[in-house]
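Engineer: need a 3D model of the sequence below.
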Amino acid sequence: MRVKKIISGAQTGADRAALDFAIEYELPYGGWVPAGRKAEDGVIPDHYSVWEMASGDYQERTEWNVMDSEGTLILSHGELTGGSLLTRELAEKHGRPCLHIDFSRTLGFDAAIDINDWISEHGIEVLNIAGPRASKDAEIYPAVFKILETVFYISIISDAMPDFANRSHELAGNEDSGQVFPINVKEALDTLIEQLSPKIKVKIASMPDDQLSEVGISLGRGISEQFGLNKGNQKLLDACRVFSGKPNLDADGAAMLIVRELWRRLKKIGHLRVIK
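Structural biologist: From the prediction side, this is the model:
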């Protein structure tokens, strides 16, 4: 299950991170903003395609964004206060699913798994994202952008292996189980390439090595989780060890190997172009 549209209020901090993520990953986005496109840093920049209200009331803007979405994700460092707390109260008022992730309590990848599971559980395609403004939390922008990126890559792998949870028991090696998990590097790559959209293939192929190393952690952890590397898929793990020549390679290392081989293979496909 993957989010198809992001909504946010375009305030500095968490809101802008959500919109910038949507722009970077070419996801549809929107959101209501106060009259005059006002924000704490002045006027919301024109390149954000958001909807201006007749009212300058921040609370009304917050409520409209909650109502125009199928669920609200609130991200923070610590307990909710101010507008973030109001957002949760409004979600409860309107009966919309709401998830609060406190980065001071939940580690990044665990938080991403929780978010991805919550989105899937509630079938959320239009997601409202909220959190503190930059003046309240100087670190919230990079934290929100990174967690959304991680969730995005986890969702890619989840789409590639949609029945993972139902088939996890089949990793014990029962040849008659009918399991379709990849058991070698080629099968893992073929599975990913078949499922990735043309846009994502282009994005991965165009990544410089240093960016791949950073993004690859998120993508690799998703591969490890969804391909069962950390849950008993010994055949794939052993195949990665043979492929790499490293007999002590662990599950995370095997997943990163698959990420790098995916990157190399996509870079060799010279006809890849972004499809609008």
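
Engineer: only C-alpha atoms for contact and neighbour calcs from this point on.
Structural biologist: Fine.

Engineer: where is the longest helix in this structure?
Structural biologist: When the chain is parsed with DSSP state H, its longest helix is helix 140-160.

Engineer: what's that one packed up against?
Structural biologist: helix 14-24, helix 108-122, helix 185-195, helix 209-226 (3 or more Cα pairs under 8 Å, 6 or more residues apart in numbering; DSSP states H and E).

Engineer: what residues sit buried inside it?
Structural biologist: Across helix 140-160, burial judged by 16 or more other Cα atoms under 10 Å covers 140-141, 143-160.

Engineer: any idea of the mean pLDDT for it?
Structural biologist: Averaged over helix 140-160, pLDDT sits at 84.

Engineer: now swap in stretch 266-276 and tell me
Structural biologist: 62.

Engineer: can you check stretch 79-99 too?
Structural biologist: Here the average pLDDT along stretch 79-99 is 97.

Engineer: hey, which helix or strand in this structure has the poorest pLDDT?
Structural biologist: Counting by mean pLDDT, DSSP states H and E, the chain has its least confident helix or strand at helix 164-167, which shows a mean of 40.

Engineer: report the residue spans of the stretch 151-276 of the chain with pLDDT below the cut-off.
Structural biologist: Applying pLDDT under 70 to the stretch 151-276 of the chain flags the ranges 157-180, 214, 270-276.

Engineer: make it 80
Structural biologist: 154, 156-181, 195-197, 199-200, 203, 210-219, 221-222, 225-226, 269-276 (pLDDT under 80).

Engineer: determine the angle, from 0 to 180 degrees, between the longest helix of the chain and helix 14-24.
Structural biologist: If you take axes from the mean of the first three to the mean of the last three Cα atoms, to 10 degrees, helix 140-160 sits at 50 degrees to helix 14-24.

Engineer: ok, G71 to N230 distance?
Structural biologist: According to Cα to Cα, to the nearest Å, G71 stands 31 Å off from N230.

Engineer: more neighbours, these two?
Structural biologist: Just comparing G71 and N230: by other Cα atoms under 10 Å the higher neighbour count belongs to G71, 25 against 18.

Engineer: surely that one and S120 touch.
Structural biologist: No: contact between G71 and S120 fails when scored by Cα atoms under 8 Å: they sit 11.2 Å apart.

Engineer: assign T12 to helix, strand or coil.
Structural biologist: Using DSSP: H, G, I helix; E, B strand; the rest coil, the structure places T12 in coil.
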